[in-house]
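Student: Generate a structure from the sequence data that follows.
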Amino acid sequence: GVLPPPVEPDRFSESGPSADLGLPKHSDIILFVGRRSRLKGIETLEAAIPVAVQRRESLHFVFVGAGRELELPDELSDHVTVVGSVDPSLMPLYYRAADVLVHPSLTESFGRVLVEALLCGTPVVARDTGDMPAITSNVFASTAELVDMLTAPETIASESAEQFTPDALRPRY
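Tutor: From the prediction side, this is the model:
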């Protein structure tokens, strides 16, 4: 069988510290972590954000990672924060601050950021590609399905990622 890489539960956990990251209070934070590129599905998010914000004004999209500039209408600037690259040690803070992690990647082998977010107690939404359905049942196939999920973040199930911890994987190794 194929075993996924383990994720350290002491670093990524719900009970860890939080910090003021400068994100808007009283907003539904939708987090994207990764390269802002075509293969990571950035064009899907660019198409979904205007429709999602029109349907739910409280949405705020946060982008962590490097990549190309976002192509969004100027009137959405109050709904988008591009953080850029951050020190990996800060990632649990971003996961814990988010209401949902979105992973629209067009191609993916193993979505480590999904597991990290789940360990921090953050529900995830991912494109139905690669091994994403092995990590979460919250998958989408179209931009319309993604918009529907993002505009109802409170209905997205938070799932367990314990199967990806070293203790769970050790016997299988």
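
Student: Can you tell me how far the closest residue in space to Tyr173 that isn't next to it in sequence is from Asp128?
Tutor: Leaving aside its sequence neighbours, Tyr173 sits nearest to Leu3 (CB to CB, 6 or more residues apart in numbering; 6.2 Å). Heads up, the C-betas are built off the backbone N, CA and C, glycines and all. Distance, Leu3 to Asp128, by CB to CB, to the nearest Å: 22 Å.

Student: which one of these two has more residues nearby?
Tutor: Under the criterion of other CB atoms under 10 Å, the comparison of Leu3 against Asp128 puts Asp128 first, with 13 against 9.

Student: what about Val82, is that helix, strand or coil?
Tutor: strand (DSSP: H, G, I helix; E, B strand; the rest coil).

Student: ugh, wrong one, I meant Val53
Tutor: Taking three-state DSSP, the label given to Val53 is helix.

Student: Check the burial of it by counting its neighbours.
Tutor: Neighbours of Val53 (other CB under 10 Å): 23.

Student: With adjacent residues omitted, what lies nearest to the residue most central in space within the chain?
Tutor: Nearest to the mean C-alpha position of the chain, by CA atoms, centre = their mean, lies Leu101 at 2.1 Å. The spatially closest residue to Leu101, leaving aside those adjacent along the chain, is Ala117, at 4.0 Å (CB to CB, 6+ apart).

Student: what's the distance between that neighbour and Leu93?
Tutor: For Ala117, the distance to Leu93 - CB to CB - is 12 Å.

Student: neighbour-wise, which of the two wins?
Tutor: The neighbour comparison of Ala117 against Leu93 (other CB under 10 Å) goes to Ala117, with 30 against 17.

Student: Show me what secondary structure element comes after the helix or strand containing that one.
Tutor: Ala117 is part of helix 112-119 when elements are defined by DSSP states H and E. Going down the chain from helix 112-119, the next helix or strand is strand 124-127, by DSSP H and E.
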